[in-house]
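Student: quick check, what structure comes out for this input:
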Amino acid sequence: MPALPLPFVAALLLAILCARLLLAGDEGRRLTPAAVFVAACAVLLVVVGLRWSIDSPLIRFLQPVTAACLPPLAWICFARLSTSERPRLQNAWPHALPVVLAFGLSATWRLWHPPIDLVIAVIFLGYGLRLALLSKAGPDRLTAARFGDTARAVRSMRLVGGLLIASGLTDLLIAVDFGFRAGRHAEAIVAVANLIGLPVIAWAVAVLGSRPPPEAVPAAPPAEAESDDREVIAAVDALMRERELFRDPDLTLDRLARRLGLPARRISAAINRHFGRNVSQVVNEYRVAAARVRLGETDEAVTRIMYDCGFQTKSNFNREFRRVVGTTPTAYRDGRRRTGVTPASGARPPAGSP
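Tutor: Just a heads-up that it's a prediction; the model follows:
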């Protein structure tokens, strides 16, 4: 009975994951960058599998070209969440240059044997470092991301950036193998690296992790900035309590900045300095406060309360509720019923509000 090469098995799993992403996408924009990236990973694994099986000149030509597509796609998946980094149509063409370069080198390989492995390594290392630097800026840099997704996006971005760097180092290892050992170990290195790395990268982009990264405590603001910070905090607090903007599940830092008429960086800096937490966490604290009122005063289903207060997933709701209150929503409701105590009405501001 013929055995199915492992890259084909991994490609099949990624195809299933891609189908799930397409079916789960928002109406009108199902073809997300994450789905495109997962599909590209599956295609490359198929190419690697064919290279193992038949090793034709066409497959040898396609492998570096397909590989060169992955780092730009990984970058676009995350850069679209940052207003300052989001690729625009008129300036997105540089991200096609790595693919064009790989195409040209692969097409002319028989003529002058260009260092394709070295070029692919530079592409992977360059984009991996860019992702690592973007993730280092923290959740508030992703101003176009929904507040419920920012922490997971940063965690996933760090993982993808690290794996791209690891893939670049693998290509350097292949180049060294060709230089000193005539490429005797190249196929094994490529196969193992792609088989292990690509599914992990694709899963990280699609799932975006499950736990938020630890938060650094910001330094105390200078005296001249403290009063300005309090004005920003007061404006945010008024918008949250009077307009209940936190109920919008698609709320982003960009949207909040437009409503306040203030720069996004000014808002995030003021909140970080004043609360010692990022904007996403502070907004979720308003959501949790509203949920506590509903849990204590009504018999509504926890899921309905979760959605009405702006949360989109039960895992995020439970995690943020436990962070703020110290227990789960269900346990909180049961405890209130036993003691007969109900919280005051209205969404209360986070601790430390002016």
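
Student: buried residues, stretch 300-310. List them.
Tutor: By 16 or more other Cβ atoms under 10 Å, the buried positions in stretch 300-310 come out as 302, 305-306, 309-310. All C-beta spots, glycine's among them, are computed from the backbone N, C-alpha and C.

Student: typed the wrong thing, it's stretch 72-84
Tutor: Using 16+ other Cβ under 10 Å as the burial criterion, the residues of stretch 72-84 that qualify are 72-83.

Student: which among those residues gets closest to residue 103?
Tutor: For the buried residues of stretch 72-84, the minimum distance to residue 103 (Cβ to Cβ) is 13.3 Å, reached by residue 72.

Student: ok, of the buried residues of stretch 72-84, which one's closest to residue 111?
Tutor: residue 72 (26.2 Å).

Student: excluding its backbone neighbours, what's nearest that closest one?
Tutor: Closest residue in space to residue 72, ignoring its immediate chain neighbours: residue 95 at 4.1 Å, by Cβ to Cβ, 6 or more residues apart in numbering.

Student: how close does that neighbour get to residue 80?
Tutor: Distance, residue 95 to residue 80, by Cβ to Cβ, to the nearest Å: 12 Å.

Student: likewise residue 160?
Tutor: Counting by Cβ to Cβ - residue 160 and residue 80 are separated by 14 Å.

Student: repeat for residue 66
Tutor: Distance from residue 66 to residue 80, by Cβ to Cβ: 22 Å.

Student: repeat that for residue 231.
Tutor: Distance of residue 231 to residue 80, computed by Cβ to Cβ: 31 Å.

Student: tell me the domain ranges of this structure?
Tutor: According to automatic domain parsing, the chain comprises the domains 6-207, 224-339.

Student: out of the ones you listed, which gets the lowest mean score?
Tutor: Among those, domain 6-207 carries the lowest mean pLDDT, at a mean of 79.

Student: now residue 142. Nearest residue, chain neighbours left out?
Tutor: That would be residue 81: by Cβ to Cβ, 6+ apart, it lies 4.2 Å from residue 142.

Student: from what I can see the one you found touches residue 144, true?
Tutor: Yes. Using Cβ atoms under 8 Å, residue 81 is in contact with residue 144, at 5.1 Å.

Student: helix or strand: which one has the spatially most central residue of the chain?
Tutor: By Cα atoms, centre = their mean, the mean C-alpha position of the chain lies nearest to residue 153, the distance being 2.6 Å. Here residue 153 sits within helix 150-181, counting by DSSP states H and E.

Student: show me what that helix is packed against.
Tutor: If you count contacts as 3 or more Cβ pairs under 8 Å, 6 or more residues apart in numbering; DSSP states H and E, helix 150-181 packs onto helix 57-79, helix 116-136, helix 186-207.

Student: any idea how far residue 234 lies from residue 263?
Tutor: From residue 234 over to residue 263 the distance is 17 Å, taken as Cβ to Cβ.

Student: what's near enough to touch the residue nearest to residue 251 when sequence neighbours are not counted?
Tutor: Distance criterion Cβ to Cβ, 6+ apart; nearest residue to residue 251, sequence neighbours excluded, is residue 147 at 5.7 Å. By Cβ atoms under 8 Å, 6 or more residues apart in numbering, the contact list for residue 147 reads 251-253, 279-280, 283-284.

Student: swap in 7 Å and give it another go.
Tutor: 251-252, 280, 283-284 (Cβ atoms under 7 Å, 6 or more residues apart in numbering).

Student: now, those residues that are in helices?
Tutor: 280, 283-284 (DSSP state H).

Student: residue 257: which of these is nearest?
Tutor: Checking those against residue 257 with Cβ to Cβ, the nearest one is residue 283 at 12.7 Å.

Student: residues near residue 57, how many?
Tutor: If you count neighbours by other Cβ atoms under 10 Å, residue 57 ends up with 9.

Student: now do the one 4 residues further on
Tutor: When neighbours are defined as other Cβ under 10 Å, residue 61 has 17 of them.

Student: just give the nearest non-adjacent residue to it, would you?
Tutor: Nearest residue to residue 61 in three dimensions, chain neighbours excluded: residue 106, at 4.9 Å (Cβ to Cβ, 6+ apart).

Student: what's the local residue count around the one you found?
Tutor: Neighbour count for residue 106, taken as other Cβ under 10 Å: 22.

Student: many thanks, I have nothing further to ask.
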